[in-house]
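[1] Just a sequence and a predicted model for now, questions to come.
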Amino acid sequence: MKPLPAPDALVEPDFAAERKRLREAALRARQAMPAALRETLTGRMSAHLDELMAALQPLRLGFCWPYRAEPDLRAWVTHWLAAHPGRVAALPVVLERNAAMVFRAWRPGEPMPLDRHGIPHPAQGEALVPDVVLVPLNAFDARGYRLGYGGGYFDRTLAGMDTVAVGVGFEIGRVPSTLPQCHDKPMAWIVTEAGAAPAQR
């Protein structure tokens, strides 16, 4: 009889196919939403972000350029910056594949080149560590786990960064479980159009 593996050699179940299905279903549902509805829901989300940022009080805020019908938080970030002269907003930059991203300062209106995914990014500037990072959500669950686009960029970045991760997305992407893997890092907070809530532990 073949011996059983040692406990530390046990491999977690392979949920790759189901996670892919959840990711693609969330993307389809979000991209099918009318633009006017996404704008309305983003406005509600922005009000909840106001309350959460008032509690967290970050001076350096990381966020993402909207991609594939994600919530467009650029106007909200611009307002957040203007409310306090000491605040800094930053965007993630992919320097190489299979590596952590860096964040560089962003200012409204500054020209930016496109990365290989067609997403604008600051081409120059020193790397900084945001106090809070707004992380886009495709599918997500109440425990704070999320499914991005499958590249693992945010997992690698957040694993080596002392910051508060706040997941931002539409309720349409909420699922009972994202079937998280051992390397997945949960969000500290989840913010949708329905409200802001700490991740359940």
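    Thanks, I have the structure now.
[2] what residue ranges in the protein score low on pLDDT?
    1-14 (pLDDT under 70).
[3] what ranges do the helices span in it?
    16-32, 35-56, 74-82, 153-159 (DSSP state H).
[4] Columns distance to residue 140 and mean neighbour count on top of those helices, output as TSV?
    C-beta: built from backbone N, CA, C; applies to glycine. Shown next, in TSV, are the helices of the chain (distance: least, Cβ to Cβ, whole Å; neighbours: other Cβ atoms under 10 Å):
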stretch	distance to residue 140	mean neighbour count
helix 16-32	8	15
helix 35-56	13	15
helix 74-82	19	16
helix 153-159	12	18
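[5] Could you save the ones you listed as a markdown table and add columns showing distance to residue 115?
    Below are the helices of the chain laid out as a markdown table (distance: least, Cβ to Cβ, whole Å):
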| stretch | distance to residue 115 |
| --- | --- |
| helix 16-32 | 19 |
| helix 35-56 | 23 |
| helix 74-82 | 17 |
| helix 153-159 | 11 |
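[6] For residue 67, find the nearest of those helices.
    helix 16-32 (10.5 Å; Cβ to Cβ).
[7] Give me the contacts around that closest one.
    If you take Cβ atoms under 8 Å, 6 or more residues apart in numbering as the criterion, helix 16-32 is touched by 38, 68-70, 138-139, 147-150, 170, 172-173, 175, 178-179.
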